[in-house]
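Q: Sequence and predicted structure are below.
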Amino acid sequence: MARDPDTIERDIEQAREALASTLDQLGEKANPKKLADSAKTSVLAKLEDPKVKYPLIGAGVLVVALLVRKLFR
């Protein structure tokens, strides 16, 4: 049983609309600005964790102390 050309055209148009919608959603998810903002937020949240924050402060103090020692030696 052959399908009606109008039905085929409607099916094709629905498929195009679905594809366009999917592509728009992918474009939003892959937006570089959104990805960068998300990464920045994630890093800042991680740095606020005391298990990460205080060791980094300690390492920074150690590096500064070593530099000062090297300069005035």
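A: Arrived safely.

Q: who touches the lengthiest helix in the chain?
A: With secondary structure taken from DSSP state H, the chain has its longest helix at helix 5-29. For helix 5-29, the external contacting residues (CB atoms under 8 Å, 6 or more residues apart in numbering) are K34. C-beta here means a position set from N, CA and C on the backbone, and glycine is covered the same way.

Q: now that helix: how far from the chain's centre is it?
A: 26 Å (CA atoms, centre = their mean, to the nearest Å).

Q: same deal with stretch 30-49?
A: 6 Å.

Q: Give the residue spans of the protein that score low on pLDDT.
A: The chain contains residues with pLDDT under 70 at 1.

Q: hmm, try it at 80
A: Counting by pLDDT under 80, the ranges of the chain that qualify are 1-2, 73.

Q: What residues of the longest helix of the chain count as buried?
A: Residues of helix 5-29 classed as buried by neighbour count (16 or more other CB atoms under 10 Å): none.

Q: Quick one: list the elements packing against the helix or strand that comes right after that helix.
A: Counting by DSSP states H and E, the next helix or strand C-terminal to helix 5-29 is helix 32-47. Packing partners of helix 32-47 (3 or more CB pairs under 8 Å, 6 or more residues apart in numbering; DSSP states H and E): helix 50-71.

Q: Kindly calculate the angle that the helix it packs on makes with helix 32-47.
A: 80 degrees (axes from the mean of the first three to the mean of the last three CA atoms, to 10 degrees).
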